[in-house]
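structure for this input, please:
(chains A and B)
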Amino acid sequence: MGATRRYRLAAGVGAAVLAAGTLTACGSGDQGITVNVYKYPQENFQAIVDSCNAKAGGRYNIVYNKLPREADGQREQMVRRLAAEDDSMDVLGLDVTWTAELAKAGWIREFTGSVKSQVENGTLKTPLETATYEGKLYGAPDNTNVQLLWYRSDLVPTPPKTWDEMISMAEALVAEGKPGQIVGQGKQYEGLVVLFNTLVKSNGGTILDENGTKAIVDDKAVEALEALKKLATSSAIDPSFSNAAEDNARLAMENGNAAFQLNWPYVYAAAQKKPEFAKNFKWAPYPTVSGDQAKVTVGGINYAVSNYTAHPDESFDAVLCLRGAESQKLAALKDGVPPTIRAVYDEPEMAEAYPMKDDILATLENASVRPRTPAYQNVSTVISTILSPPGSIEPQATADRLRQELQDALDSKGVLP
Amino acid sequence: MSHAATEDAVQAETAEPVAPRKKAALSEGKRAERRLGWLLCAPAALTMIAVTGWPILYSVLLSMQRFDLKFPDRTEWIWFDNYITVLSSPYWWNAVWVTVLLTVVTVAVELVLGMSLALIMHRALVGRGIVRTTTLIPYGIVTVVAAFSWRFAWTPGTGYLAEALGGDPVLTEKIPALMVVGLAEIWKTTPFMALLLMAGLALVPDDLLKAAAMDGASGWQRFIRITVPIMKPAILVALLFRTLDAFRIFDNLFVLTAGSQGTSSVSMLTYNNLIKGLNLGIGSTMSVLIFIMVAIIAFVFIKLFGTAAPGSDDGGKR
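This is a model prediction of the structure:
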């Protein structure tokens, strides 16, 4: 009997806990509308959410739901729930490359009217371009990013302007027995696609046509492949280039093997932890094959509003606050993500955190976007697979194979590797 | 449900005497019993057909359409075009060969290791409990967790195995990565093999072995001539289970390489096309092809090798 009583007690406690849980859940539901934001784990994002909630004045309550850390995991979770018409997702933090796919599938809403003009007003051109598909705006740019050339001023007095100059400078350093390696992203993943896209676009080449329906891969792209092969087979290339992602490149340079690094600006903040290294760690615009200004690939995050949200007005309103100038400044200073609103760069605090902000701005104003097509995931996989490892590229043959397999991917006929 | 079944059963029993009995092969009681058996398992069988039959049929239907969630307005019936696309794709055949290679190698090694482990566990005189427990540990660990520990062990900088072997990033090259995946599979599922084989070992009568020893058969001869033939059904069942399982390898690969550098298995490739690529047509085609391949493996084992569930030999049938 004792056992039965104990069991009853436990059941009672359990029921009470459950009831309490349900009650609090109901309680928060009664207070008003909840706007669920799904975004990658950003360290200080909760502070932005809190301040937007305060501004909303009880009209709605934004809840931050963290997505997985890796881009693939984020996309997969959102896409699966959108395909199932899940109405519990309101605002989505999308990588700049996903806009076309989600817009074409009819999963995200177009920005129109005054919301649209508020998003467009004062926002940098290229990040806006990433949020646009078939002439319509589907996202509000939150943060953006571009790569720069990072070099060691104790080894390289004047930074190179062209690709060949960089390679020959590095080779000369290596021949002298100095740490002259070039490091970058050559692993089979999105980073290689970013590198390839930058080289092609800077060279005036085309991967896909304007509508994203036809694979072009023209002669200028072949030249870009030649440049990539030249880098990958140079005596100055980092020996683990074909396995290197962003952080491998950063570490190789910080460990004193390299004189040149092609990477995102976060490496600057990281370098400050090593003052000896940081004092000679300088940046320059990205080098190009022709010596003209580079058209560097932009990264970053856009906010979109789910098509299945029950509260579209509140969601759009929340987006405007979450990507507002104040929020962007906080994210730029605390989380190190460059803003998409031009005016934020002129804030006084920005000069200290981003000494390279003028170069970032100059690069951003002439930046390029990755191919805009609903099949971007397939396009990216095909490119990184075919270009991997970069040392074995045969420019013309590789370009022909790219054209063929990209076209299959665009026609949803191809098999993804 | 159970209530209805009981009622049916009662009806069946009461209806029995009216039924004509021409063939006297089965006695009345046995026929009633058989009918009761059918009725009792009917609800379960119908449910199974509903929850497994429809998805299978649905994926066959999907595999005959151009059905890409990215292009919802391009959906159309294209019959066997998807099959042509998949079967003429070098990625698919690479995945097939990777899968076959992994299956054959891991199952063969597991059979040898599992048999030795089973013999040890069967014969161990001291510490039988300890031996069995330690053997089963790898099988008890969740596959994904185990795969992560393998991945970290093989990552240069953090892993002891990578450091011990010179610090090369083995998981980023095709052949070394496949060897690591195979190793992880073998480590993980050898205990399962050993368990199944141990059940078979228990079937071998000790008297027979003793008699053979008296006749001068060596240990090896006793193993090959007596133990293995008697254990054959158990060995075949173990092989069938493991082959089917190994052929669908996914979790180890997903964590260790995610299919990069051409290490995709067929399941991994299907996942990439279906879930990542959102191409339901191509992905379903691959699922159907995997289904067919698994069916062929099962057919070969059951019809050609005569695999049967333990205990369902002729003696057990009526």
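
so where's the chain shaky on pLDDT?
No chain in the question, so chain A it is. A:1-31 (pLDDT under 70).

nope, chain B please
B:1-24, B:157, B:167, B:307-318.

what packs against the lengthiest helix in it?
In chain B, ranked by residue count with DSSP state H as the criterion, the top helix is helix B:90-123. Using 3 or more Cβ pairs under 8 Å, 6 or more residues apart in numbering or on different chains; DSSP states H and E, the elements in contact with helix B:90-123 are helix B:128-140, helix B:174-201, helix B:228-247, helix B:266-271. Quick note: C-beta positions are derived from backbone N, CA and C, even for glycine.

and the direction of it versus that of helix B:128-140, what angle?
170 degrees (axes from the mean of the first three to the mean of the last three Cα atoms, to 10 degrees).

buried residues, helix B:90-123. List them.
B:91-92, B:94-96, B:98-99, B:102-103, B:105-107, B:109-111, B:113-115, B:117-119, B:121-122 (16 or more other Cβ atoms under 10 Å in any protein chain shown).

and what of stretch A:102-116?
By neighbour count on 16+ other Cβ under 10 Å, the buried set for stretch A:102-116 is A:102, A:103, A:104, A:105, A:107, A:108, A:109, A:111, A:115.

and that stretch, end to end?
18 Å (Cα to Cα, to the nearest Å).

so how far is the helix or strand in which residue B:289 is found off the chain centroid?
For residue B:289, the element it lies in under DSSP states H and E is helix B:280-299. Per Cα atoms, centre = their mean, to the nearest Å, the displacement of helix B:280-299 from the mean C-alpha position of its chain is 14 Å.

helices or strands next to it in the packing?
In terms of contacts (3+ Cβ pairs under 8 Å, 6+ apart), helix B:280-299 is packed against helix B:54-63, strand B:65-66, helix B:81-87, helix B:228-247, helix B:266-271.

tell me which of those lies nearest to residue A:241.
Among these, the nearest to residue A:241 by Cβ to Cβ is helix B:266-271 (25.7 Å).

ok, residues contacting the closest one?
If you take Cβ atoms under 8 Å, 6 or more residues apart in numbering or on different chains as the criterion, helix B:266-271 is touched by A:415-417, B:91-92, B:95-96, B:99, B:247-250, B:253-254, B:258-259, B:283, B:286-287, B:289-290, B:293.

would you write a ChimeraX line that selects the buried entries of the residues you listed?
Those of those that count as buried under 16+ other Cβ under 10 Å are selected in ChimeraX with:
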select /A:415,416,417 /B:91,92,95,96,99,247,248,249,253,254,258,259,283,286,287,289,290,293
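
list the contacts of residue A:154.
For residue A:154, the contact set (Cβ under 8 Å, 6+ apart) comprises residue A:280.

ok, which residues in the stretch 101-250 of chain A are in contact with chain B?
A:101, A:104, A:105, A:106, A:187, A:188, A:189, A:240, A:243 (Cβ under 8 Å from any Cβ of the partner chain).

name the nearest residue to the second one, sequence neighbours excluded.
The shortest distance from residue A:104 to any residue that is not its chain neighbour, by Cβ to Cβ, 6 or more residues apart in numbering or on different chains, is 3.8 Å, and that residue is residue A:374.

give me the number of residues near the one you found?
26 (other Cβ atoms under 10 Å in any protein chain shown).

and the gap between whichever residue of the stretch 101-250 of chain B sits closest to chain A and residue A:187?
Minimum separation of the stretch 101-250 of chain B from chain A (Cβ to the nearest Cβ) falls at residue B:172, amounting to 4.6 Å. Applying Cβ to Cβ, to the nearest Å, the value for residue B:172 to residue A:187 is 7 Å.
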